[in-house]
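*Asks:* got a sequence here, can you build the structure:
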Amino acid sequence: MNRRRIKEFYIGQLQDNFLPYWSAYVDEQYGGIMNCINNYGDQLLSDDKFTWSQGRWLWVLGSIYILKKEQGIFEDISRETLEKWMKGAWDFITTYSIYDDDRCCYRLTRDGKKKMDEKLGRYDTSIYADCFALIGMSRYIAALEYREGYEKAEALWKSIVRRMEADDFLTEPFTVPGGYRNHAKPMILLVSVHEFIRMKKVLNMDVEEDIAYGRKQAESTLNEFHDGKGHIIESKSTPERAKTHLLDRYINPGHGLEDIWFCIEFLEEFGGLDEYLPEISFIVKTTFNEAWDKEYGGLLRYIDVEGGPPKGVRLGSELEDSIAETWDMKLWWPHSELLYLFVKMYSLTGDEDFVRYYEKSFTYAFTTFPNQKLGEWVQIRKRDGSPEDKVVALPVKDPFHIMRNFIKIVEVCS
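*Replies:* Residues are numbered from 1 along each chain as shown. Modelled structure (predicted):
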């Protein structure tokens, strides 16, 4: 695995394709990014703004800014431009998205007016929006060493933890039925607290309590949601249902493998990776091999714990409908996660299997998703790789997963 060549390739992808594409959607007037864009990538469908995406965009900008400052790369974009874009996103989030001082509105108009969810009668319909706002804010503060912004980030983080621990939160666009413990909870908390810790370390603040909280989340994934057979179980209720119910049986391969690198990065920085690395390697290999589509290639969106389409008793939720209807789709974001994960795993283990997995994933991803005319990726494909004009979660083209993983590859190859 040629690190220098890989690093240069992904720097080129970011600088020549993705940043020019997204620069056209920066909202110079109100701040943030316009990204309610069709799947193909050439038409703005709405000027609404989801806080979820605004926080992710801010994280991407902060990360590119740090790489530019530390390594002198990304010559085609100036620090002044990045600072202007970052401030616009920061101002939009902190002025409009956060309300009542400690929680985020899920969806807003372009100029920052909150939009209530008519079905739920609330603005704060997804705590994931709060977490992604925090992630972006933390990276912005770290990039600029902006100590004055710390109190806003801290207030939001404390609110997230308080609501999570009290089970007082919603998770649109999909709600997990009552009685279930969901893997997404420790997953989002882990990546959120890790970004919060990174920010605090830049500001020379004590992080011991936060590290302990993060370790608890990583261990929850690896000890509670790993079934011992190489799968991260997405939701759990009772031992009886584990054998019979669809929600207890289905695997989200992309989600599980994404969280694995969250765990890797946390344990690598704060200790414990050596203990868990054999288990982590087992999970990565098992999940990848069972979820890879033997007929058409690519990672299936969902699989059953015993392989094939998810199956089992259904309770009648929208989440179950989505699992059953879209299990064989090929989504852009898990394939970008694979690219970083396998580079990272090879760097840690030297196991040649991960080189083969990377090459297999690279070939599929770069022959299936890139829109050569626009420089971005088509986000959703049918099982056979043909285009699919359909929304699977938020009605957005998100400026996050691909760029985040390309940034991560540049970092690990440096």
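*Asks:* all contacts plus neighbour counts: C-alpha atoms, from now on.
*Replies:* Noted.
*Asks:* which residue packs closest to residue 43, ignoring adjacent ones?
*Replies:* residue 37 (5.5 Å; C-alpha to C-alpha, 6 or more residues apart in numbering).
*Asks:* quick one, grab the pLDDT at the one you found.
*Replies:* pLDDT, residue 37: 94.
*Asks:* who's in contact with it?
*Replies:* 43, 44, 45, 46, 395, 396, 397 (C-alpha atoms under 8 Å, 6 or more residues apart in numbering).
*Asks:* one more time with 7 Å, if that's ok
*Replies:* Neighbouring residues of residue 37 by C-alpha atoms under 7 Å, 6 or more residues apart in numbering: 43, 44, 45, 396, 397.
*Asks:* the second one reaches residue 24, doesn't it?
*Replies:* No. Under the criterion of C-alpha atoms under 7 Å, residue 44 is not in contact with residue 24, lying 11.0 Å apart.
*Asks:* tell me how far stretch 12-19 is from the chain's mean position?
*Replies:* Taking the mean of its C-alpha atoms, stretch 12-19 sits 19 Å from the chain's own mean (C-alpha atoms, centre = their mean, to the nearest Å).
*Asks:* try stretch 136-154
*Replies:* 20 Å.
*Asks:* which elements pack onto the host helix or strand of residue 128?
*Replies:* Using DSSP states H and E, residue 128 sits within helix 127-144. Judged by 3 or more C-alpha pairs under 7 Å, 6 or more residues apart in numbering; DSSP states H and E, helix 127-144 is in contact with helix 51-71, strand 103-104, helix 150-165, helix 184-202.
*Asks:* state the mean pLDDT of it.
*Replies:* 98.
*Asks:* alpha carbons only: can I get that helix in PDB?
*Replies:* C-alpha atoms of helix 127-144 as PDB (Å, rounded to 0.1, in the frame of the first residue of the first chain):
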ATOM      1  CA  ILE A 127     -30.700  14.600  18.900                       C
ATOM      2  CA  TYR A 128     -28.400  13.600  16.000                       C
ATOM      3  CA  ALA A 129     -28.700  17.300  14.800                       C
ATOM      4  CA  ASP A 130     -27.400  18.400  18.200                       C
ATOM      5  CA  CYS A 131     -24.500  16.000  18.000                       C
ATOM      6  CA  PHE A 132     -23.500  17.000  14.500                       C
ATOM      7  CA  ALA A 133     -23.700  20.700  15.500                       C
ATOM      8  CA  LEU A 134     -21.500  19.900  18.400                       C
ATOM      9  CA  ILE A 135     -19.000  18.000  16.300                       C
ATOM     10  CA  GLY A 136     -18.800  20.900  13.800                       C
ATOM     11  CA  MET A 137     -18.500  23.500  16.600                       C
ATOM     12  CA  SER A 138     -15.800  21.600  18.400                       C
ATOM     13  CA  ARG A 139     -13.700  21.300  15.200                       C
ATOM     14  CA  TYR A 140     -14.100  25.000  14.500                       C
ATOM     15  CA  ILE A 141     -13.000  26.000  18.000                       C
ATOM     16  CA  ALA A 142     -10.000  23.600  17.700                       C
ATOM     17  CA  ALA A 143      -9.000  24.900  14.200                       C
ATOM     18  CA  LEU A 144      -9.000  28.600  15.300                       C
END
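*Asks:* that helix vs helix 150-165, what angle?
*Replies:* On the basis of axes from the mean of the first three to the mean of the last three C-alpha atoms, to 10 degrees, helix 127-144 is oriented at 150 degrees to helix 150-165.
*Asks:* neighbouring contacts of helix 127-144?
*Replies:* Contacts of helix 127-144 (C-alpha under 7 Å, 6+ apart): 51-52, 55-56, 58-59, 62-63, 65-66, 90, 103-104, 106, 147, 149, 153, 156-157, 169-171, 192, 195-196, 199, 202.
*Asks:* and what of stretch 202-218?
*Replies:* 142, 145, 147, 186, 187, 189, 190, 193, 194, 197, 200, 263.
*Asks:* redo that, cut-off 6 Å
*Replies:* 142, 186, 190, 263 (C-alpha atoms under 6 Å, 6 or more residues apart in numbering).
*Asks:* and for stretch 392-404?
*Replies:* The contact list for stretch 392-404 (C-alpha under 6 Å, 6+ apart) reads 35, 36, 37, 56, 57, 333, 336.
*Asks:* closest to residue 386 out of those residues?
*Replies:* Comparing these against residue 386 with C-alpha to C-alpha places residue 333 closest, at 16.4 Å.
*Asks:* who's in contact with that closest one?
*Replies:* residue 401 are the contacts of residue 333 under C-alpha under 6 Å, 6+ apart.
*Asks:* and the gap between it and residue 150?
*Replies:* Distance, residue 333 to residue 150, by C-alpha to C-alpha, to the nearest Å: 30 Å.
*Asks:* center of this protein - which residue?
*Replies:* residue 401 (5.8 Å; C-alpha atoms, centre = their mean).
*Asks:* separation between that residue and residue 120?
*Replies:* Going from residue 401 to residue 120 by C-alpha to C-alpha gives 28 Å.
*Asks:* and what of residue 188?
*Replies:* Distance from residue 188 to residue 120, by C-alpha to C-alpha: 23 Å.
*Asks:* now residue 256
*Replies:* In terms of C-alpha to C-alpha, residue 256 sits 29 Å off from residue 120.
*Asks:* which of these two has more neighbours?
*Replies:* When residue 256 is set against residue 120 and neighbours are counted by other C-alpha atoms under 10 Å, the residue ahead is residue 256, at 25 against 10.
*Asks:* export the helix or strand hosting the more buried one as PDB, just CAs?
*Replies:* Element membership for residue 256, per DSSP H and E: helix 253-270. Taking C-alpha atoms only, helix 253-270 is exported to PDB below (Å, rounded to 0.1, in the frame of the first residue of the first chain):
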ATOM      1  CA  PRO A 253     -23.000  -3.000   7.800                       C
ATOM      2  CA  GLY A 254     -22.100   0.600   7.000                       C
ATOM      3  CA  HIS A 255     -23.100   1.800  10.400                       C
ATOM      4  CA  GLY A 256     -21.200  -0.900  12.200                       C
ATOM      5  CA  LEU A 257     -18.000  -0.500  10.300                       C
ATOM      6  CA  GLU A 258     -18.100   3.300  10.700                       C
ATOM      7  CA  ASP A 259     -18.400   2.900  14.400                       C
ATOM      8  CA  ILE A 260     -15.500   0.500  14.500                       C
ATOM      9  CA  TRP A 261     -13.200   3.200  13.300                       C
ATOM     10  CA  PHE A 262     -14.700   5.500  15.900                       C
ATOM     11  CA  CYS A 263     -13.700   2.900  18.500                       C
ATOM     12  CA  ILE A 264     -10.200   2.400  16.900                       C
ATOM     13  CA  GLU A 265      -9.400   6.100  17.000                       C
ATOM     14  CA  PHE A 266     -10.600   6.600  20.600                       C
ATOM     15  CA  LEU A 267      -8.800   3.500  21.900                       C
ATOM     16  CA  GLU A 268      -5.700   4.300  20.000                       C
ATOM     17  CA  GLU A 269      -5.500   7.800  21.500                       C
ATOM     18  CA  PHE A 270      -6.500   6.900  25.100                       C
END
